[in-house]
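Engineer: Based on what follows, work out the 3D shape:
(chains A and B)
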Amino acid sequence: MRTRDTNKEEIVKQKAIEMLVKLGIEGFSMNRLAKESGISVATLYIYYSDKDDLIKKIGTEIGQIFFSEMTKDFTPDMSFREGLLKQWENRSRFVIQNPDKVACWDLLGHSTYRDSILDESLLEFKTTMGTFMNTAVERKELIPINKEVFWSIAYGPLYTLLRFENEGKSFGGKPFKLTKEATDEAFELVIKALTP
Amino acid sequence: METDLQNILIFATDIKTESEKQQISNCLDTHLEISKWTIDQEDIDCVLRIESDTLNEEQIIQLISEYHFTCTTLE
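Structural biologist: Numbers count the residues shown, from 1 in each chain, chains lettered A, B, ... in the order given. This next block holds a predicted model:
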């Protein structure tokens, strides 16, 4: 009797993410994944019909985890300051704890898989964040602003700091460790820029 | 609903090109006992994956051989 081994499935997913980040989409192969995961090629094909199917499923799952982490303890009726702070906390935690998933998400987000992955995982999150922004504008806690500019100002500074943190260094190789003080300072400047 | 793992059959084949795939497509598409099938031609083994409640490995191998392709159980 063949049974679904969830532990093995998790190993396969983790290995697939690592291999995608290391080898890129072109260099990734089902054969090699099976070998590195210590399972037979046939077993791998029981779970996934082909490379395309595997990449889409893995990407969609990362997206779902990412967006569910983003909405942890977050509700769209929070005050703008409180809600954005929660977004910063959730995003920082996810990026710091899941460097491989984030790198894989970036890779797939810039590939032809982008649309199929985003369609599956993004819809609910988009609605939540849309409500959050509209409510904040109505309450006069946020200036009316288009989405792209909002995103750049609201999260750009955070992701830049997280990149320095991830690399362990900033300009000219200067060692860098992201402190609460630096994060708070950047957050206050973002609030200043976005509130009326 | 999740597919029952018992009903998935996996084979290595030499069906390498799109035109070779076309030769078996019609037969597999219309086969009443095959609910779903795919072939991964990017893979070195050109892995054929069949979902069927009733067919067994020998029957699939027999079916594919009729089109003069090699088809072996993939372990």
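Engineer: could you dump stretch A:178-188 to CSV, C-alpha only?
Structural biologist: Extracted C-alpha coordinates of stretch A:178-188, given in CSV (Å, rounded to 0.1, in the frame of the first residue of the first chain):
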residue,chain,number,x,y,z
LEU,A,178,19.7,45.8,11.9
THR,A,179,18.7,47.2,15.3
LYS,A,180,15.4,48.1,16.7
GLU,A,181,16.5,51.7,16.9
ALA,A,182,17.3,51.8,13.1
THR,A,183,14.0,50.1,12.3
ASP,A,184,12.0,52.6,14.5
GLU,A,185,13.9,55.6,13.0
ALA,A,186,13.0,54.5,9.4
PHE,A,187,9.4,53.7,10.4
GLU,A,188,8.9,57.2,11.9
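Engineer: Give the buried residues for it.
Structural biologist: Under the neighbour-count criterion of 16 or more other CB atoms under 10 Å in any protein chain shown, stretch A:178-188 has A:Leu178, A:Thr183, A:Ala186, A:Phe187 buried. To be clear about C-beta, it is placed using only N, CA and C from the backbone, and glycine gets the same treatment.
Engineer: State the mean pLDDT of that stretch.
Structural biologist: Mean pLDDT, computed over stretch A:178-188, is 96.
Engineer: quick revisit: taking the buried residues of stretch A:178-188 one by one, which sit in helices?
Structural biologist: Counting by DSSP state H, these place A:Thr183, A:Ala186, A:Phe187 in helices.
Engineer: Return the closest of the residues you listed with respect to chain B.
Structural biologist: Nearest to chain B among these is A:Thr183, at 42.4 Å by CB to the nearest CB.
Engineer: could you list every residue that touches the closest one?
Structural biologist: Counting by CB atoms under 8 Å, 6 or more residues apart in numbering or on different chains, A:Thr183 touches A:Trp88, A:Ser92, A:Leu158, A:Leu161.
Engineer: What sits closest to the last one if chain neighbours are left out?
Structural biologist: By that I understand A:Leu161. Sequence neighbours aside, A:Leu178 is the residue nearest to A:Leu161 in space, at 5.5 Å (criterion: CB to CB, 6 or more residues apart in numbering or on different chains).
Engineer: what's the one you found in contact with, if anything?
Structural biologist: Contacts of A:Leu178 (CB under 8 Å, 6+ apart): A:Leu161, A:Leu162, A:Phe164, A:Glu165.
Engineer: longest helix anywhere in chain A?
Structural biologist: Per DSSP H, chain A has its longest helix at helix A:114-138.
Engineer: Not counting residues beside it along the chain, what's closest to residue 40?
Structural biologist: You didn't pick a chain, so chain A it is. Nearest residue to A:Ser40 in three dimensions, chain neighbours excluded: B:Glu75, at 5.8 Å (CB to CB, 6+ apart).
Engineer: try chain B instead
Structural biologist: A:Asp50 is the one closest to B:Asp40 (CB to CB, 6+ apart), at 3.7 Å.
Engineer: Could you check the pLDDT of the one you found?
Structural biologist: So, for A:Asp50, pLDDT stands at 91.
Engineer: so how far is A:Gly168 from it?
Structural biologist: 38 Å (CB to CB, to the nearest Å).
Engineer: just B:Leu55 next, same as before
Structural biologist: B:Leu55 is 56 Å from A:Gly168, where distance means CB to CB.
Engineer: Neighbour count for these two, which is higher?
Structural biologist: B:Leu55 (17 against 11; other CB atoms under 10 Å in any protein chain shown).
Engineer: Phi, psi for the nearest residue to the more buried one once chain neighbours are set aside please.
Structural biologist: Spatially, and ignoring its direct neighbours in sequence, B:Leu55 is nearest to B:Glu33 (5.2 Å; CB to CB, 6+ apart). Main-chain torsions, B:Glu33, degrees, to the nearest 10: phi -100, psi 0.
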